[in-house]
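Participant: when you get a sec, could you give me coordinates for this:
(one chain, ligands or ions: 2)
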Amino acid sequence: MTKIYSFYSGIFADNALEFSKRSSYVREIMLERVYPRRIIVPLRQGLGAEAIPVVKPGDHVLIGSCIAVIPSGVIGAPVHSGISGTVKSIQKITLPNGISTSAIEITSDNKRTFHDSIVPRQNLDINAKTVMGIIKNSGIIGMGGEGIPVIAKMSRAKKYEVKELLVNCLQSEPFATSDLHRINESSDYVVQGALAVAGAIGVKKIRFLISKNRKAEREILESAIERAKKIFQLDIEYEICLFKERYPQGYYRLIARALYSVELKAGEILENTVGAVLFNCSTMASCWDAIKDGFPMFQRVITVAGDNGVLHNVLAPIGTPISEIVRAEFGAYDSTNRILWGNALTGIPVKDLDNTPIIKTTSALTFIRKLDFQSAPCLHCGLCSDACAMDISVDVAYKLIERNLKDAALNENVLSCINCGLCSYVCPSGIELASTISNFTTEYKLKHTSNTSREILKTEDTLSKFSDEWNTLLNEVDSGTLLEDYAEKIEKDDSEEDYIVLPFEGGKKI
Ligand code: SF4
Ligand code: SF4
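Facilitator: Ligands and ions are numbered 1, 2, ... in the order given. The predicted model follows:
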């Protein structure tokens, strides 16, 4: 009998809350493209340092042009233009998640001209060093939310000699189907991207984690795996692991609980506890975009959904302002909507549509009706705590925060909050639990990010200093993401045995 993995708490997607109905994947809706008139590309979009611009106002750029770089030895991701046009300005912006960063504004010339470097790779006899170099230079960061540069995670996986690569296909937020779209339309890219990453870090087992309810996507993945087996004939073990449909589902600590029955403590990571590294399925597809087609990360698929039942997946250049997506009239939006930068339960309300761009980690834009709903006193029903997958006594923590009893709130484990939004969703009194806890933890984390840390993020400081600061910081705040050395190692890593076996068209087996 097939084993079904799961964990306690969270909520079932297929229950009376009708999540499955609201988030069902509408296969008839094909991918649509957004061609914005302008883009605003933030130079820091995930964990790591802000990239340094290599263009100035007046410069002409093409699709795929590198417009900002990361100095050697610093963790971060270079940035590329998703349109051809003219650099208009470099300005400071603040993203809805509070990240303050410089951003390059580019106006389109409407020619959609690609940079010369974007050509399919003819020779795919590539070694680990090349794979890692491509991924690093393509600016690929985790697309599932945290935005860790993929190269940093690969380096960490090598360091801990992990045995398994996990591909997260567990997208479970209401409405969101961008990952599922990627599986449906680019399953070979998901599987072969994972294969290349596995080869580069020396892993022999790839496990695809997917909800048992996603039968179509599961079968498509199985077919892609069979094709990969035939083409590459590698000594790699593949496994599809079925999970119960639940929300929240794909967070690494919940995966550790479900898959390995391991409770990760604050600061612990999968790599050095269970010997696995986790990547989102869209991230794997983007790696293959870069390796096979020469595409740096200048675009992504996002779900554009509304609670009026409209659901689209669109391919948009990174940096597309939300107003340009609204302008494209996908039917999900009307002017009475509240617009969320992200998913229905975790998204952040956006006010300035013209100057809020989508970034590499934006998987959805959600348009929901503004409902006038007065919150009521707590009923002490305990639903919020029952739903919380991180075992937080949510009602207690909420009251402590409201009374400014910070230490007591910290004792309630609030720093483990993954901001899934579920407590607010299930609360019959309509109390803003999630945002209260999230604001408290964000403030705490920012306060405990020392000035030195902030400075290091902005400067070209050395890798070791950077890593030390991050490790200290992240241990403190349980981000679970120890970012470690990668860049220098990659430069030095040139041994024959690092060749991965990718015998593509006509390629030789190395
Ligand atoms: S938002 Fe935080 S506190 Fe609320 S259910 Fe999710 S993890 Fe728990
Ligand atoms: S779900 Fe709402 S009403 Fe129930 S205990 Fe939690 S805060 Fe109170």
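Participant: from now on I want contacts and neighbour counts done on CA atoms only, so please keep to that.
Facilitator: OK.
Participant: residues of this protein that sit close to ligand 2?
Facilitator: Within the chain, the positions lying close to ligand 2 (Cα under 6 Å from any ligand atom) are 378-384, 395, 427-429, 431.
Participant: residue 349 and residue 339: what is the separation?
Facilitator: Here residue 349 is placed at a distance of 6 Å from residue 339 (Cα to Cα, to the nearest Å).
Participant: those two: who's more crowded?
Facilitator: Remark: of residue 349 and residue 339, residue 339 carries more neighbours, 24 against 15, as counted by other Cα atoms under 10 Å.
Participant: part of a strand, is that one?
Facilitator: Yes - under DSSP: H, G, I helix; E, B strand; the rest coil, residue 339 falls within a strand.
Participant: so what pLDDT did it get?
Facilitator: We have a pLDDT of 89 for residue 339.
Participant: wait, isn't it in contact with residue 350?
Facilitator: Yes - between residue 339 and residue 350 there is a contact under Cα atoms under 8 Å: 5.7 Å.
Participant: re the thing from before, any quick ChimeraX command for the buried ones out of the residues of the chain next to ligand 2?
Facilitator: Here is the ChimeraX selection string for the buried members of the residues of the chain next to ligand 2, based on 16 or more other Cα atoms under 10 Å:
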select :382,383,384,395,427,428,429,431
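Participant: closest to ligand 1 among the residues of the chain next to ligand 2?
Facilitator: Ligand 1 has its nearest neighbour among those in residue 384, at 6.5 Å by Cα to the nearest ligand atom.
Participant: just checking, the closest one touches residue 428?
Facilitator: No - using Cα under 8 Å as the test, residue 384 is too far from residue 428 to be in contact (9.3 Å).
Participant: the protein against ligand 1: which residues are in contact?
Facilitator: Residues of the chain found near ligand 1 (Cα under 6 Å from any ligand atom) are 387-390, 392, 394, 417-423, 434.
Participant: closest to residue 105 out of those?
Facilitator: Checking those against residue 105 with Cα to Cα, the nearest one is residue 419 at 30.4 Å.
Participant: so residue 208 sits against residue 168, correct?
Facilitator: Yes - with contacts counted by Cα under 8 Å, residue 208 reaches residue 168, the gap being 6.4 Å.
Participant: pLDDT weak spots in the stretch 201-350 of the chain?
Facilitator: For the stretch 201-350 of the chain, the stretches with pLDDT under 70 are 266, 331.
Participant: tell me which residue of it lies closest to ligand 2.
Facilitator: Closest residue of the stretch 201-350 of the chain to ligand 2, Cα to the nearest ligand atom: residue 345 (15.4 Å).
Participant: quick one: that residue and residue 426 touch, right?
Facilitator: No - using Cα under 8 Å, residue 345 is not in contact with residue 426, being 10.9 Å away.
Participant: CA atoms only: put stretch 231-242 into CSV for me.
Facilitator: Extracted as CSV, the C-alpha positions of stretch 231-242 are listed here (Å, rounded to 0.1, in the frame of the first residue of the first chain):
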residue,chain,number,x,y,z
ILE,A,231,17.5,9.7,-21.8
PHE,A,232,20.1,9.9,-19.1
GLN,A,233,20.4,6.4,-17.8
LEU,A,234,21.8,7.6,-14.5
ASP,A,235,22.4,5.9,-11.3
ILE,A,236,19.7,8.0,-9.6
GLU,A,237,16.8,6.7,-7.5
TYR,A,238,13.5,8.5,-8.0
GLU,A,239,10.6,8.4,-5.7
ILE,A,240,7.2,10.2,-5.6
CYS,A,241,6.1,10.7,-2.0
LEU,A,242,2.4,11.3,-1.6
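Participant: pull out the buried positions in the longest helix along the chain.
Facilitator: The single longest helix within the chain, with elements called by DSSP state H, is helix 178-201. Neighbour counts over helix 178-201 (16+ other Cα under 10 Å) mark 178-184, 186-201 as buried.
Participant: so what does that helix touch, helix or strand wise?
Facilitator: In terms of contacts (3 or more Cα pairs under 8 Å, 6 or more residues apart in numbering; DSSP states H and E), helix 178-201 is packed against helix 128-137, helix 150-159, strand 164-169, strand 205-211, helix 215-232, helix 281-293, strand 299-306.
Participant: what's the longest one packed up against?
Facilitator: This means helix 215-232. Against helix 215-232 (3+ Cα pairs under 8 Å, 6+ apart) you get helix 178-201, strand 237-243.
Participant: ranges for the strands of the stretch 351-500 of the chain?
Facilitator: Using DSSP state E, counting those that start in this stretch, the strands of the stretch 351-500 of the chain run over residues 364-369.
Participant: residue ranges with poor pLDDT in it?
Facilitator: For the stretch 351-500 of the chain, the stretches with pLDDT under 70 are 370-373, 446-500.
Participant: distance of residue 165 from ligand 2?
Facilitator: As judged by Cα to the nearest ligand atom, to the nearest Å, residue 165 and ligand 2 stand 37 Å apart.
Participant: now what about stretch 141-158, what contacts it?
Facilitator: Stretch 141-158 has contacts (Cα atoms under 8 Å, 6 or more residues apart in numbering) with 45-48, 75-77, 132, 135-136, 139-140, 197, 201-202, 271, 276-277, 279-280, 282-283, 360-363, 481, 483-486.
Participant: alright, I will stop here.
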